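Colleague: here you go, sequence then predicted model.
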Amino acid sequence: MAKYLLLKHYRGAPAAVNDVPMDQWTPEEISAHVQYMNDFAARLEKTGEFVSGQALAPEGVWVRYDGEGRPPVTDGPFAETKDVIAGWMIIDVDSYERAVALAGELSAAPGAGGKPIHEWLELRPFLAESPTTTECPHR
Amino acid sequence: MDEALLRSLTPSVLTVLVRRGADFAAAEDAVQDALVQAISVWTADPPRDPKGWLVTVAWRKFLDARRADDARRRREDRLDEEPAPGPAPAVDDTLQLYFLCAHPSLTPSSAVALTLRAVGGLTTRQIAQAYLVPEATMAQRISRAKRTVSGVQFGRAGDVATVLRVLYLVFNEGYSGDVDLAAEAIRLTRQLAAQIDHPEVAGLLALMLLHHARRAARTAPDGSLVPLAEQDRGRWDTASIAEGVEILQAALARDRLGEFQAQAAIAALHADAPTAEETDWVQIVEWYDELVRLTDSPVVRLNRAVAVGEADGPRAGLAALAALNDELPRHTAVAAYLHERDGDLATAARLYAEAAHKASNLAERDHLTRQAARLNARRRR
């Protein structure tokens, strides 16, 4: 079992095949897209592979420590930030191949014209919590 | 309330229900319900015959669920005519449950979850916490697994090897949570060993005990990994080692070698060395040769290269390593170690950093990063 993060970008991913901004879709196309995403999550819950999923607002701020007794400094948002995450889904699957297959399905969500977006999703494995002990016998 | 007792009774109670004609999925649900009731009732009023109590309550839960089901379907309730449950048979056969829960039609994760619930008597919540997934997800995984095996005839003998793989996974891939999965894997393997006389079952049990014995010494108080050579051997669990060695010797004496016995033999040789320097690496390499013969696994060849490096020197280890695909997990880490032993600190530091980047778990990544940092600091002096 391994956990993977599926990352969806507002900006920063390679261009999708069906690359039309969402505000230019018809309302029905938007509904169909949302439905597809919900159904996908529900299906993964049924197969026992869903961990969590959230969407993010496009704009945030940068925060950092500014020394003892001083409030944190905030800055931004910066319009030029290249990589903007739109949301994520965490899955718990038996294999890398399964994770790739599921990411492929999610990328097929319908967009403009009711056709699949073919959106690029980033797939990142989680670092496991504990090392497998017996596979490393000299430990 | 004795939770350990409760959990140890789970598989035999479930077996009784199935033998009485309940289908596996419904029986398993009923046993879970009975366990939950036992947890709340037994503290104040412990039964004299815990197993009998569980069988009675689980059977009643099963009938209730069946009646509710039947009423919904407007069907006749024939189960009323079933005989009232008598005393539970003294001898039970939970072995069949192990086979069913590790059935080859299940994915590894489903088999693990089902085994922990139906054989281990853990609740869905405990299993979900142990594997860091939501309870609803784990519940679905388990009910799906039960549907998958619903057509499998109970009582048909299965392949012990599939059961051992599932138990091995439970032992190796435990996370945190309030259930100690490594200890649970040992308990279930011990219970299996009591049911079936098989040298590889004994081999796996020995392997687990020997590895588990080192657990306290394997991590520092800050959670970082302590390599075998640096472990405080005084913290090894000598009782667990003695038991593992005894079980292994009895298994080896039967002359039906398998991979778990061979792995356990390697673990036993480590356990046997009073200091890291006194480790019998020559014999360990011989056991690796057996393992290569038995499994032909690239992971085994990689571990063998480490052993060769200790037995015949780092150059020999590097030569053994050169024959292997460098895409193998931990290949770079092994190369780093052997280069360090060979005195090439610059290469070792670079490879440790690279290995850290490729590590698949946090503790290992941090360990490898520290190794790189240690060598880099030494080179600066």
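Modeller: Sure, I can see it. Residues are numbered from 1 along each chain as shown, chains lettered A, B, ... in the order given.

Colleague: residue of chain B with the smallest distance to chain A?
Modeller: B:Arg141 (2.6 Å; CB to the nearest CB). C-beta: built from backbone N, CA, C; applies to glycine.

Colleague: please identify the buried residues of the longest helix anywhere in chain A?
Modeller: Ordering each helix of chain A by length in residues (DSSP state H) puts helix A:27-46 first. Using 16 or more other CB atoms under 10 Å in any protein chain shown as the test for burial, helix A:27-46 gives A:Glu29, A:His33, A:Tyr36, A:Met37, A:Phe40, A:Ala41, A:Leu44, A:Glu45.

Colleague: picking that back up, and for whichever strand or helix holds the residue of chain B closest to chain A, what's in contact with it?
Modeller: Secondary structure from DSSP states H and E places B:Arg141 in helix B:135-148. With contacts defined as CB atoms under 8 Å, 6 or more residues apart in numbering or on different chains, helix B:135-148 is touched by A:45-51, A:92, B:24-25, B:28, B:101, B:103, B:105-106, B:109-111, B:113-114, B:117, B:124-125, B:127-128, B:131, B:133.

Colleague: hmm, back to that, what subset of the buried residues of helix A:27-46 is also close to chain B?
Modeller: Among the buried residues of helix A:27-46, proximity to chain B is found for A:Glu45 (CB under 8 Å from any CB of the partner chain).

Colleague: give me the below-cutoff pLDDT ranges for chain A.
Modeller: Where chain A drops to pLDDT under 70, the residues are A:130-139.

Colleague: residue of it closest to chain B, please.
Modeller: Counting by CB to the nearest CB, chain A gets nearest to chain B through A:Gly48 (2.6 Å).

Colleague: neighbours of the nearest residue in space to that residue that is not next to it in sequence, how many?
Modeller: Nearest non-adjacent residue to A:Gly48, counting by CB to CB, 6 or more residues apart in numbering or on different chains: B:Arg141, 2.6 Å away. Using other CB atoms under 10 Å in any protein chain shown as the criterion, B:Arg141 is surrounded by 30 other residues.

Colleague: what's the answer for the one 3 residues further on, then?
Modeller: Burial measure for B:Arg144: 18 neighbouring residues, criterion other CB under 10 Å.

Colleague: again, but for the one 10 residues further on
Modeller: The number of residues packed around B:Phe154, counting by other CB under 10 Å, is 15.

Colleague: and it, helix, strand or coil?
Modeller: Three-state call for B:Phe154 (DSSP: H, G, I helix; E, B strand; the rest coil): coil.

Colleague: and if you look at A:Leu7?
Modeller: Taken by three-state DSSP, the conformation at A:Leu7 corresponds to strand.

Colleague: where exactly do the helices run in chain A?
Modeller: Along chain A, counting by DSSP H, helices occupy A:27-46, A:96-107.

Colleague: pLDDT wise, what is the residue of chain B closest to chain A at?
Modeller: Model confidence at B:Arg141, given as pLDDT, is 96.

Colleague: contacting residues around residue 98?
Modeller: Picked chain A for this. Going by CB under 8 Å, 6+ apart, A:Arg98 touches A:Glu49.

Colleague: oops, I was thinking of chain B
Modeller: The contact partners of B:Tyr98, taken as CB under 8 Å, 6+ apart, are B:Pro11, B:Thr115, B:Val119, B:Gly158, B:Val163, B:Leu192, B:Gln195.
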